[in-house]
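Trainee: A predicted structure for the sequence below; I have some questions about it.
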Amino acid sequence: MLYVHVNTASSAEKPLQAVHPASELLRALASPVRLGIVRELSGGDKRVHELVAALKVSQPLVSQHLRVQRASRIVAGRRVAREMEYFLVDDHVAHIVLDAIRHAAEN
């Protein structure tokens, strides 16, 4: 097992508000559908119907979760013809999600 040392001296000096943005990010990811969306988008841009097919959930459900992720600036979209195509705003989020999925699979 790998243990990572966190410098608690500097962490203790920072107010709890400093971790609020990270808490909001994790809240925006706290759903199997949202994690699935990030996992799918980590492989490249996808249109809504592609996400629906990959996740095997309804289009309204995917759209609802995409709204949350757009508001949290996790994903962004652009119109391509008559459809919306979504992409990750920041690849760091994909690393967080993919690492969490791998970690959970190990247990």
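Mentor: Everything's here; your move.
Trainee: make it CA atoms for all contacts and neighbour counts henceforth
Mentor: Will do.
Trainee: need the strands for this structure, in chain order.
Mentor: Residue ranges of the strands in the chain, as given by DSSP state E, are 46-47, 75-80, 83-88.
Trainee: Against which helices or strands is the last one packed?
Mentor: Taking 3 or more CA pairs under 8 Å, 6 or more residues apart in numbering; DSSP states H and E as the contact definition, the neighbouring helices and strands of strand 83-88 are helix 32-41, strand 46-47, helix 48-55, strand 75-80.
Trainee: average pLDDT across the longest helix seen in the chain?
Mentor: Longest helix in the chain by number of residues (criterion: DSSP state H): helix 91-106. Mean pLDDT, helix 91-106: 94.
Trainee: nearest to residue 102, of the helices and strands packed on strand 83-88?
Mentor: helix 32-41 (11.4 Å; CA to CA).
Trainee: Now the closest one: buried residues?
Mentor: By 16 or more other CA atoms under 10 Å, the buried positions in helix 32-41 come out as 33-41.
Trainee: Pull the most distant pair out of those.
Mentor: For the buried residues of helix 32-41, the maximum inter-member distance is 12.2 Å, found between 33 and 41 (CA to CA).
Trainee: Let me see the contact set for residue 42.
Mentor: Applying CA atoms under 8 Å, 6 or more residues apart in numbering to residue 42 gives the contacts 88, 91, 94.
Trainee: The first one bridge partners, please.
Mentor: Bridge pairing for residue 88 (DSSP bridges) gives the partners residue 75.
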